[in-house]
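Asks: sequence first, predicted coordinates after that:
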There are 2 protein chains.
Amino acid sequence: MSDLQRSGCPINLTLEVVGDKWSLLIIRDMMFGNRRHYRELLGGSEEGISSNILADRLKTLLAAGIISRDDDPSHKQKGIYSLTEQGIELLPILAQMAGWGYKYLPVSEELGIRARLLMEGGPKMWAEFMDELREIHLGIKRRKKAGPSVGERLQAAYQRVLAEQAETRRS
Amino acid sequence: MSDLQRSGCPINLTLEVVGDKWSLLIIRDMMFGNRRHYRELLGGSEEGISSNILADRLKTLLAAGIISRDDDPSHKQKGIYSLTEQGIELLPILAQMAGWGYKYLPVSEELGIRARLLMEGGPKMWAEFMDELREIHLGIKRRKKAGPSVGERLQAAYQRVLAEQAETRRS
DNA sequence: CTAACTGCTTTCATTTTGCAATCAGTTTGA
DNA sequence: TCAAACTGATTGCAAAATGAAAGCAGTTAG
C-alpha cells in the first residue's frame, strides 16, 4: 500500500483506498455477515483470505478511517472492528457492484439472492440498511420500523434458498 | 489475471473482473474522456498507465465483454475501443465511487466538479448519460433532449473550473 | 497446568506491477 | 522516394505486492 497518490480524481482516490481484491470483501463481511472479530473475518468468508493480508488490510482500512477498532471487554486480546460512517457509506458502491455482478456474471444462486433483493429494493432500501448499520456499528438509535429489518430480510432470504436447495437435492 | 474464481458471490465476481487499480480508470477515461484509441488511453489519463499494463487490461476487459474492439477505417493499425452495454452499466458503480471519493477524500477541485454534478444529478442523470453512451458506443439512436447533453454539461463544468482557477491565479 | 484460542508476524516462493527500451507495420511529409 | 513520426503493442528486468504455512506471545477455559 503505497501512500503517494496518482491523481486528485475522486474515482482514482477511491480506488487507491478500496481498489484491491480484498478490502471491499472485508467490508462486505462486516456489513452483511456481521463479522466483527479478526478470526470471524479470517475464517468466515467464502474466499479464504490469508491472515497476513487480512492484518494488512485491517490496518489500511483503519488508517483510512473506514473502520474503527475497540477492545472487547470479554477478552483482553480480542478487538471489535466497527464500520465508521465513512465505511457505512460504501454500501451503495457494494450494492451497485452486487447488482452488476448479479446481472452479468455467473453468480451462485444462494449468494445472489441478497444482490437481487438489494437491486429490487433500490436506494431506499440501502438507506434503511445503512441506518441499521449505524445502529449496530455506531450505536446511533434509529426509529424502529415495523416488521423485520433489512438485514434480517436478507439473511432470511439467504436461508430460504439454502433450504430450497437442500430440498431439491433430496428429491 | 488468474481465471479461477474464489466464490460465486456477486461482489467478489465483480471484483475479480474490475477490482484492480487500473481497469475502472480505463473505463472512466472511455466514458468521461471519450478516449477510444490505445494512444489516447495511454497518454490521456492523469495517472500515467504503462503500455504493458494498458495492453493487458484491454485484453482482459475485451475477454470479459466489457469493451469491444473494431478496426479504424482511417488507419490499418488503429483500433477503436467501445464500451459494450455491460461496460456502460458500470457507470453507476463509477458514479457512486466518485461520490464517495468526493465526500471523503482530498479530491482536487477541477477533477471533483464532475463528481459533484453526478451526485447532485442522481440516478436519473446517470440513466441519461448512459443513453448518451449507448448512442456513442453502440450506435443506438436516442430521443434528442433539449439543451446540452450530460456529457457536454460535465465537460463544460470542468472547463469552467479550469478557467476560474486561471483567473484566480492571475489576480 | 495444559490445551485451545486470541490477534497477529515471519518466512519465503510466486505473481503482479512498472518503467524503459524496443518492434514491426503504417502513414505523412519533404 | 525515403526518412521521420505514429500506430498498437511486446520484451526484459527490477521492485513491489500477494499468498500459504508456520510460528508466536499473551489469554482464557477446563
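Replies: Structure received. Numbering: from 1, shown residues only, chains lettered A, B, ... in the order given.
Asks: residue A:131 against residue A:138, yeah?
Replies: No - contact criterion Cβ atoms under 8 Å: residue A:131 and residue A:138 do not qualify, at 10.3 Å. C-beta: built from backbone N, CA, C; applies to glycine.
Asks: for those two, indicate the residue with more neighbours.
Replies: residue A:131 (18 against 15; other Cβ atoms under 10 Å in any protein chain shown).
Asks: what about the more buried one, helix or strand, and which?
Replies: Using DSSP states H and E, residue A:131 sits in helix A:109-133.
Asks: give me the angle between that helix and helix B:109-133.
Replies: Using axes from the mean of the first three to the mean of the last three Cα atoms, to 10 degrees, the inter-axis angle of helix A:109-133 relative to helix B:109-133 is 140 degrees.
Asks: contacts for the next helix or strand after helix A:109-133 next, please.
Replies: Downstream of helix A:109-133, the first helix or strand assigned by DSSP H and E is helix A:150-170. Residues outside helix A:150-170 that contact it (Cβ atoms under 8 Å, 6 or more residues apart in numbering or on different chains) are A:32, A:34, A:109-110, A:113-114, A:117-118, A:121, A:125, A:128-129, A:132, A:148.
Asks: helix, strand or coil for residue A:68?
Replies: Residue A:68 falls in the strand class when you classify it by DSSP: H, G, I helix; E, B strand; the rest coil.
Asks: which SS class is the closest residue in space to it that isn't next to it in sequence?
Replies: Excluding its sequence neighbours, the residue lying closest to residue A:68 (Cβ to Cβ, 6 or more residues apart in numbering or on different chains) is residue A:82, at 5.1 Å. Put simply, residue A:82 is strand when judged by three-state DSSP.
Asks: hang on, the earlier thing: so which elements touch the helix holding residue A:131?
Replies: If contacts are counted by 3 or more Cβ pairs under 8 Å, 6 or more residues apart in numbering or on different chains; DSSP states H and E, helix A:109-133 sits against helix A:91-104, helix A:150-170, helix B:10-18.
Asks: the ones you listed: which one's closest to residue B:65?
Replies: Closest approach to residue B:65 among the helices and strands packed on helix A:109-133 (Cβ to Cβ): helix A:91-104, 7.7 Å.
Asks: ok, the closest one near chain B or not?
Replies: Yes - Helix A:91-104 comes into contact with chain B (Cβ under 8 Å from any Cβ of the partner chain), by way of A:92-94, A:96-104.
Asks: kindly report the same for stretch A:22-32.
Replies: Yes - interface with chain B: stretch A:22-32 contributes A:24-25, A:28 (Cβ under 8 Å from any Cβ).
Asks: how near is the most centrally placed residue in chain A to DNA strand C?
Replies: Centroid-nearest residue in chain A, with Cα atoms, centre = their mean: residue A:28, separated by 1.9 Å. Residue A:28 sits at a distance of 18 Å from DNA strand C (criterion: Cβ to the nearest atom of the strand, to the nearest Å).
Asks: wait, that residue touches residue A:91, no?
Replies: No - if you go by Cβ under 8 Å, residue A:28 and residue A:91 don't touch, sitting 9.7 Å apart.
Asks: excluding chain neighbours, what is closest to residue A:95?
Replies: Once flanking residues are discounted, residue A:95 sits nearest to residue A:118: 4.9 Å by Cβ to Cβ, 6+ apart.
Asks: burial measure for that neighbour, as a count.
Replies: Residue A:118 - counted by other Cβ under 10 Å - has 24 other residues nearby.
Asks: residues contacting it?
Replies: Listed by Cβ under 8 Å, 6+ apart, the contact partners of residue A:118 are A:95, A:98-99, A:125-126, A:154.
Asks: mind doing that once more with 10 Å?
Replies: Residues in contact with residue A:118, defined by Cβ atoms under 10 Å, 6 or more residues apart in numbering or on different chains, are A:32, A:91-92, A:94-96, A:98-99, A:102, A:125-126, A:129, A:150, A:154, B:10.
Asks: any idea which of the residues you listed is closest to DNA strand C?
Replies: Nearest to DNA strand C among those is residue A:32, at 18.9 Å by Cβ to the nearest atom of the strand.
Asks: what about the residue nearest to residue A:95, distance to DNA strand C?
Replies: 28 Å.
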